[in-house]
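>>> the following block contains a protein sequence and its predicted model.
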Protein chains: 2
Amino acid sequence: MATSKKAAPAPAAQPVDTSYLQTLLGYNARRAALSIIGVFLERLAAYGLKPVDFSVMSVIHHNPGVTSRQLCASLAILPPNLVGLIQSLEARGLIERLPHPTDGRALGLHPTAKGVSLMQQAELTASELEIDASSKLSASQRQTLVQLLQKIYL
Amino acid sequence: MATSKKAAPAPAAQPVDTSYLQTLLGYNARRAALSIIGVFLERLAAYGLKPVDFSVMSVIHHNPGVTSRQLCASLAILPPNLVGLIQSLEARGLIERLPHPTDGRALGLHPTAKGVSLMQQAELTASELEIDASSKLSASQRQTLVQLLQKIYL
DNA sequence: TATTGTTATACTCTATAACTATA
DNA sequence: TATAGTTATAGAGTATAACAATA
C-alpha cells in the first residue's frame, strides 16, 4: 500500500513554498526555538522541569538569595506568573525562601542541597541535549549562533 | 532623587548572573524570537495581523489554492487551531475557499485581491521591521544567522 | 480503512487590576 | 509615594478526542 506508484520517500505530499517566511529572522528563530524546546521537554521530563522551571532554578542555583523581582526582570516573567512556579519548587523541596538581609518586603530564594544536586545534573543534561538538537551544526557554528542571537535581545 | 549616591545609569539594581543560561541555544533562540515578535506585534497591528495570521496569509499568498492540511503541516499548526484563523481571515475578505480541483474533501484557500494587496504591504513592513529589530547585526551576520537557524529545524 | 475539515473541550501560558506590608 | 510579593481573573495559545463527508 506504499510500494507502488512512483517512489515518494515517505510522507511528502506537501510541496508548499515557504521561501518568503524563511527569509524572516523572527520566523526562523521561533521555529528553531520550538524545535529545541521539544527535545528539552522530553529529556528534562525526568527531572520534572519544564523550560521555565529550569530557567528559574538555574538562576537561583547560580544566584543564591536572589529575589522574585530580580528573577522576573532577568527572565522576562511577570510577577503574578512567578508565584505559582516558586511555590511549586518550594513544595518539592528544591528551594527555600529566607528573609532578605536588608529589605523586609523581599524574600531571598535559596537552592536546597537537593536543589543544587538536581540542577548540577539537569544542567549537564540540558547542555548535552542542545548539541543533539543542533547536530547539523559544528561547535564553532553553535558558538557563532549564540553570539548573534544575543546581539538581538541583549 | 537620582542624582546622588554613586552613579548608577538608570534602572540597574539587577546584578543577576545568567551566564549559564546564555550558553544555551534554546534559551537564546527563545529570547531573540520574543524580542523580534514584540516589534512585529507593534508594527503589524496596523494590518490587523498577529504573527500566526501573517504566516498563514503569507503561505496562502505565495501558494494560491493551498489546503488547510498543507498549511498545518508547513507551519506546525494543529488542524483544530487553524479553523478559527481561516474563518476570521475569510470574514475579513482576505481569502476565499474554493472547491479543490481533485479532492472533494478539501477546500483550496485563495487570497482575494484585497488579501494580496494587504500582504504585499505587510511583507514589506515585516522585512523592514526585522532589520530594525536586529540593528546590531550587519547584513551578512543576519544572513548567517538565518542559515544557522534553519539547520536546526529544517 | 484513511484523510479533510470541523466541533467541543481542556490545559497551559500570558496579561491586567488590585490588595498587603514594608520602604 | 513607591516597591515586593501576592491574589484573582481574563485572555491567548496549544492540546486531544471524536464526528461527518469523501478518498
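Arrived safely.
>>> next, the contact list for residue A:79, please.
A:68, A:69, A:72 (CB atoms under 8 Å, 6 or more residues apart in numbering or on different chains). Using the backbone N, CA and C atoms, a C-beta is placed for each residue, glycine as well.
>>> end-to-end on stretch A:90-110?
Between the opening and closing residues of stretch A:90-110 we find a distance of 10 Å, counting by CA to CA, to the nearest Å.
>>> residue closest to the middle of chain A?
Geometric centre of chain A, nearest residue: residue A:51, 3.8 Å, by CA atoms, centre = their mean.
>>> pLDDT wise, what is that residue at?
At residue A:51, the model reports a pLDDT of 98.
>>> look up phi and psi at it.
Main-chain torsions, residue A:51, degrees, to the nearest 10: phi -50, psi -50.
>>> residue B:26 is in contact with that one, correct?
Yes: look at residue A:51 against residue B:26 with CB atoms under 8 Å: they come within range, at 7.2 Å.
>>> which neighbours do those two have in common?
A:37, A:40.
>>> interface residues of chain A facing DNA strand C?
When proximity is defined by CB under 7 Å from any atom of the strand, chain A lies next to DNA strand C at A:13, A:50, A:52, A:78, A:79, A:80, A:81, A:103, A:104, A:105.
>>> can you give me the strands in chain A?
A:95-99, A:107-111 (DSSP state E).
>>> residue B:146: which of these is closest?
strand A:107-111 (37.9 Å; CB to CB).
>>> what about that closest one and DNA strand D, any contact?
Yes: counting by CB under 7 Å from any atom of the strand, contacts between strand A:107-111 and DNA strand D involve residue A:107.
>>> wait, what's in contact with residue A:145?
A:134, A:137, B:25, B:28, B:145, B:148, B:149.
>>> same question for residue A:117.
Contacts of residue A:117 (CB under 8 Å, 6+ apart): none.
>>> where does it land on pLDDT?
98.
>>> tell me how far it lies from residue A:89.
14 Å (CB to CB, to the nearest Å).
>>> please apply the same query to residue A:95.
When residue A:95 is compared with residue A:89 (using CB to CB), they lie 5 Å apart.
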